[in-house]
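**Q** pasting the sequence and the predicted model now:
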Amino acid sequence: MPSQFQLQKAFAFVSTQLVSSGSILRVLIVWLICLVSLRIDNLNDFDFRFQMRGDRSPAKDIVIIELTPSDLRHFNTTEVQDLMLLNSSSDINDNYYWNPHLWSSLLVELLKQQPKTIIITLDLVKQALTDSMNVGLLSNPKVTWVYSSDMDPLGLEKKRLLDILNIQFEKDGVVRRVLSPVRGEPARYINFQGAESRYFKVTYNQLINNEWPLEFFKDKIIVIGGFTNSDYEYITPMGSYGRSALVAQLIENKYHSQWIKSWSFWPQSLVIFVLICLIYFSTLFLPRNLSITVTIAALFIVLIVNIYLFDIHHFWFPMATTSLCVFLGWLIGYTVLVSNIEKKNFQLEQQNETRTQLELMKTNFISLISHDLKNPLAKIQSVVARNLATSAEGAIAQDLVSIQKYSEELDHYIRSILNIARVESQNIKLNIVPSDLNQLIEASIIALRPLASDKNIKIETELAPLFLIEIDPILIKEALINIIENAIKYSANNTLITVRTYETNEHIITEVIDQGIGISEVELHKVGQKFFRSEMVPENIKGSGLGFFLVKYFIELHAGSVNVESTLNKGTTVRIKLPNS
């Protein structure tokens, strides 16, 4: 687990990013955009959820009985029937369907079927009281009447359908909610289970002609309605509904507790704000591919969770706005990320340009100093050689020899510095010609023979016959001289150095084996680094730490490799591999 210090450090880093990069402002702007979307597109999102879900299974426990004006002909006199036929413009309203004989016989017949409840959506209570309808039918616990009068002579207040019929029309004229009967409670969202056609409808003629089995209405909810001139279609998210079908839908919601639940505007806004922050900061701090994966996964999770909550638990949360906030959270995070990358790239370009200028200045300076040193050094070496060739004797001759020795060391250092400058400026070009590697080795040994003689070191060669190989002879000879010189320099007096060559199918191998001070295992991996010198090297042995760096570079230019094996106080083996082609 991360320590408290690490957590504090991470929190401080996030806080710094939050303030310094203007993240608060970006998140707030996106949040405001999502709030506007939440206000504007809320109702469309609600409707779309029903349309996406489609029709549920038909309602098996609800039956609608629709009355028509022709159904009253069975009970009206001939004169009344003729009047109804002649007066086609007569006002057909709820009162039009009042006929005490019809309703008495209808309710008695239906109650015999033992339904769960009977709901009459026509406002006929006044006519029933005026015509002294059977009080038992009016107050029957299984019969519920809709009435608009403020009078309640029969004590039917509890049986009024105000808690489900107090429909609230939205600004676009669509029915989505009903007001709660409890004062202070928010309106209830209607859970539309499908189109009006999912409710089974029975006509009065089918009923009186006994076209349905006796048990058909048992334990069912029966909704009785009728066509009127003043009746109109209710527009819902699932299409047009008649009054009876809408009441059936409301009754279904009430009996099965299917009302759509939802949060108010500000709790929804808070959830959206948190989601924007999570997506935004995950985009900033996670790797790019992972952040895209997280965003896509978040969109799928939002979709799946929304569908699950709506279909199973009847809970609605705006899906379109939620998806929009996920996308915008990723978008602003990605734009900030791209902006930061571009800023860093610009800074890197400036740093590279500055570094290039500094490297050029350094190279020019080194070249200038080296060339300025080489000219007077060449003159010094020329004067010393001329004086040694004359009659210099005694102490003067020894001094001249020392000057010659030190000038040669200085010349070696200058050449190394010049080579380093060429390497760093990548100004070295190979001059490949067929060459004899054994001949280059022998020439290198001859050049270093005086240095070996000073320490009484014997150099033996075991050179296998080789074909000519394609190499740059100047660079390879310089590398060989450097390796053999190091073997001499770091070997004790009266020791042996062996130089051997052999070939394999793929490589020509050169080995230089000495009996010197060796290199410890701890330092072995540092061999070939610029300016590296072992801590075991005595102070009286001069060196710059550049020689082996140049050897490695020259060999690798030929697509070869250099390997060093060493044992402390026993000796070192340097193995050069060049392509055998």
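**A** Yep, it's here.
**Q** can you pull out the strands in the stretch 301-450 of the chain?
**A** Secondary structure of the stretch 301-450 of the chain (DSSP state E, counting those that start in this stretch): strands located at 433-435.
**Q** where does the prediction get shaky in it?
**A** The stretch 301-450 of the chain contains residues with pLDDT under 70 at 363, 366-374, 391-393, 412-413, 416-427.
**Q** SS state for the nearest residue to residue 173 once chain neighbours are set aside?
**A** Nearest non-adjacent residue to residue 173, counting by C-beta to C-beta, 6 or more residues apart in numbering: residue 235, 5.7 Å away. (Each C-beta comes from the backbone N, C-alpha and C, glycine too.) Three-state assignment for residue 235 (DSSP: H, G, I helix; E, B strand; the rest coil): strand.
**Q** and for residue 235, the neighbour number?
**A** Neighbourhood size, residue 235 [other C-beta atoms under 10 Å]: 16.
**Q** who does it bridge with?
**A** Per DSSP bridges, the residues bridged to residue 235 are residue 174, residue 240.
**Q** list the residues that contact it.
**A** Applying C-beta atoms under 8 Å, 6 or more residues apart in numbering, we find residue 235 in contact with 173-175, 241.
**Q** what is the lowest-pLDDT residue among the residues you listed?
**A** The pLDDT minimum for the contacts of residue 235 sits at residue 173, where the score is 86.
**Q** still on that earlier bit, so which of the contacts of residue 235 is the most crowded?
**A** residue 241 leads the contacts of residue 235 on contacts (other C-beta under 10 Å) with 21 neighbours.
**Q** next, give phi and psi for the residue most central in space within the chain.
**A** By C-alpha atoms, centre = their mean, the mean C-alpha position of the chain lies nearest to residue 291, the distance being 1.5 Å. Residue 291 adopts backbone torsions of phi -70, psi -40, taken as degrees, to the nearest 10.
**Q** shouldn't it be in contact with residue 278?
**A** No. With contact defined as C-beta atoms under 8 Å, residue 291 and residue 278 do not form a contacting pair (11.3 Å).
**Q** now, among the contacts of residue 235, which is nearest to residue 29?
**A** Nearest to residue 29 among the contacts of residue 235 is residue 174, at 31.5 Å by C-beta to C-beta.
**Q** contacts only, for the closest one.
**A** Per C-beta under 8 Å, 6+ apart, neighbours of residue 174: 43, 47, 235-237.
**Q** of those, closest to residue 432?
**A** Once C-beta to C-beta is applied, the member of these that ends up nearest residue 432 is residue 47, at 79.0 Å.
**Q** surely residue 326 is in contact with residue 280?
**A** No. Using C-beta under 8 Å, residue 326 makes no contact with residue 280, being 10.1 Å away.
**Q** overlap in contacts of these two?
**A** Counting by C-beta under 8 Å, 6+ apart, residue 326 and residue 280 have no common neighbour.
**Q** okay, the contacts of residue 174 in a markdown table with distance to residue 503 next?
**A** Below are these laid out as a markdown table (distance: C-beta to C-beta, whole Å):
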| residue | distance to residue 503 |
| --- | --- |
| 43 | 86 |
| 47 | 84 |
| 235 | 94 |
| 236 | 92 |
| 237 | 87 |
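**Q** quick one: which of those residues is nearest residue 576?
**A** residue 47 (80.7 Å).
**Q** element containing the closest one?
**A** Element membership for residue 47 (DSSP states H and E) is helix 42-53.
**Q** likewise residue 511?
**A** strand 507-513.
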